[in-house]
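Engineer: sequence? don't have it. structure:
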């Protein structure tokens, strides 16, 4: 049933005295605020959603009043109850959203109105937004499983994200939760790759859950987030191998206690092993190593072509911890390799069996450069925590103690 606005009646001064003469109360039974709100269906229009059409999520949401009524309040929420911000014109003729809408989502708009007599009206409108035409998806790494305490989390985006504002939108949706809880943040390696690490190594025997709430979120430039698969990881014991290249020994520690001391040889002058923290990338029981793969001319004095066993990889360019039976006489005394950390076959097999992907291999005392953070494996831990925070689109420049959770929103900011 349509509502016809009631007109205000101007009463003369004499008539206003009648209720007082009868001793009546000052509260009238026709108080518009006490009446049941009228159906404001014909007084309220949601622009862009006529005839059940899906609303374009890239455009502002607009609610207009017609027939002389005015809007007094608008509450717009998504299916999870999150609010969409907006502003109402002073004359109550129109409300317009100021917060972004998600693509492919359902919303409910509750509108309150008032007619010329002050009577209250209500209308509730449900609508869906259209799907995104440009999708941004995220793939997390590594694969679900158990890793060492040095394993960073990675996020690879399907499309480059360039602007600081768009990066902040994406980063807010990437959630990492661990038990025990630790402080950590994302670092934008480039416009498509992010890494996540805590301030310190992960706790031993922790559980780590990673997921994104990017689906449907407006990123910018007509691009919206798409669905993603969550990731579940656990960590094992805290295993760290610390190689003193100057002392020619490796100390393997488990949960803070040394469990083996191994004589080693590292890179000779000109092929010095990289200093710093490296994360184990993989393990191969056998690999053929040739000098020409690292730029050594075949047939030269430094050329080699060797079968290598029990090889634990720490860089993509070919640095390993492996068995080197040909250099046992130098192990513990001299550095004679082309950059790898060599040890006896027995020690290499033991090391291979007692470490896993994600464990820490740290080199000190070498004349080599420090392991780079991102271009040759996981050198993430060679950045200070202060410098790591600078790579975040959310906490860079903010005081220490600010975390992703401080700014995290699952839907567009309101």
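Structural biologist: Great, that's in hand. Predicted, not measured: the structure shown is a model, and the values here were computed from it. Residues are numbered from 1 along each chain as shown.
Engineer: show the end-to-end separation of stretch 375-393, please.
Structural biologist: Using CA to CA, to the nearest Å, the end-to-end distance of stretch 375-393 comes to 21 Å.
Engineer: cool, and stretch 134-146?
Structural biologist: 35 Å.
Engineer: report the central residue of this protein.
Structural biologist: The structure's the chain has its C-alpha centroid closest to residue 174; by CA atoms, centre = their mean the separation is 2.0 Å.
Engineer: residues in contact with that residue?
Structural biologist: Going by CB atoms under 8 Å, 6 or more residues apart in numbering, residue 174 touches 138, 155, 186, 194, 196, 210, 212, 214, 404. From N, CA and C alone the C-beta is placed, and that goes for glycine too.
Engineer: next, the buried residues of stretch 54-72.
Structural biologist: The neighbour-count criterion (16 or more other CB atoms under 10 Å) identifies 55, 57, 58, 61, 62, 63, 64, 65, 69, 70, 71 as the buried residues of stretch 54-72.
Engineer: quick one: residue 218 and residue 335, what's the gap?
Structural biologist: 56 Å (CB to CB, to the nearest Å).
Engineer: same thing with residue 60?
Structural biologist: From residue 60 to residue 335 the distance is 66 Å (CB to CB).
Engineer: quick one on the thing from earlier: biggest separation within the buried residues of stretch 54-72, which pair?
Structural biologist: 58 and 69 (29.4 Å; CB to CB).
Engineer: where does the prediction get shaky in the stretch 201-350 of the chain?
Structural biologist: 292, 301 (pLDDT under 70).
Engineer: mind listing the strands for it?
Structural biologist: 207-212, 218-220, 223-225, 231-235, 239-244, 249-254, 257-263, 276-279, 282-290, 305-313, 320-323, 341-343 (DSSP state E, counting those that start in this stretch).
Engineer: these: which one's closest to residue 168?
Structural biologist: strand 218-220 (10.0 Å).
Engineer: so which of the contacts of residue 174 wins on neighbours?
Structural biologist: The most crowded member of the contacts of residue 174, judged by other CB atoms under 10 Å, is residue 194 (27 neighbours).
Engineer: quick one, the helix or strand where that one lies and strand 207-212 angle?
Structural biologist: Per DSSP states H and E: residue 194 is located in strand 193-198. Interaxial angle, strand 193-198 versus strand 207-212 (axes from the mean of the first three to the mean of the last three CA atoms, to 10 degrees): 150 degrees.
Engineer: and strand 193-198, what does it pack onto?
Structural biologist: Packing partners of strand 193-198 (3 or more CB pairs under 8 Å, 6 or more residues apart in numbering; DSSP states H and E): strand 153-157, strand 174-179, strand 184-188.
Engineer: mind listing the strands the first one pairs with, and their directions?
Structural biologist: Strand 153-157 pairs in its sheet with strand 138-141 (antiparallel), strand 193-198 (antiparallel), by DSSP bridges.
Engineer: mind checking how far that strand is from the chain centre?
Structural biologist: From the chain centre to the centre of strand 153-157 is a distance of 8 Å (CA atoms, centre = their mean, to the nearest Å).
Engineer: what residues of it count as buried?
Structural biologist: Buried-residue list, strand 153-157, by 16+ other CB under 10 Å: 153, 154, 155, 157.
Engineer: now these in CSV, with distance to residue 101 and pLDDT?
Structural biologist: Listed next are the buried residues of strand 153-157 as CSV, based on distance: CB to CB, whole Å; pLDDT from 0 to 100:
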residue, distance to residue 101, pLDDT
153, 30, 98
154, 30, 98
155, 24, 98
157, 22, 98
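Engineer: export those residues as CSV, with columns for distance to residue 282.
Structural biologist: Converted to CSV, the buried residues of strand 153-157 look like this (distance: CB to CB, whole Å):
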residue, distance to residue 282
153, 17
154, 15
155, 20
157, 24
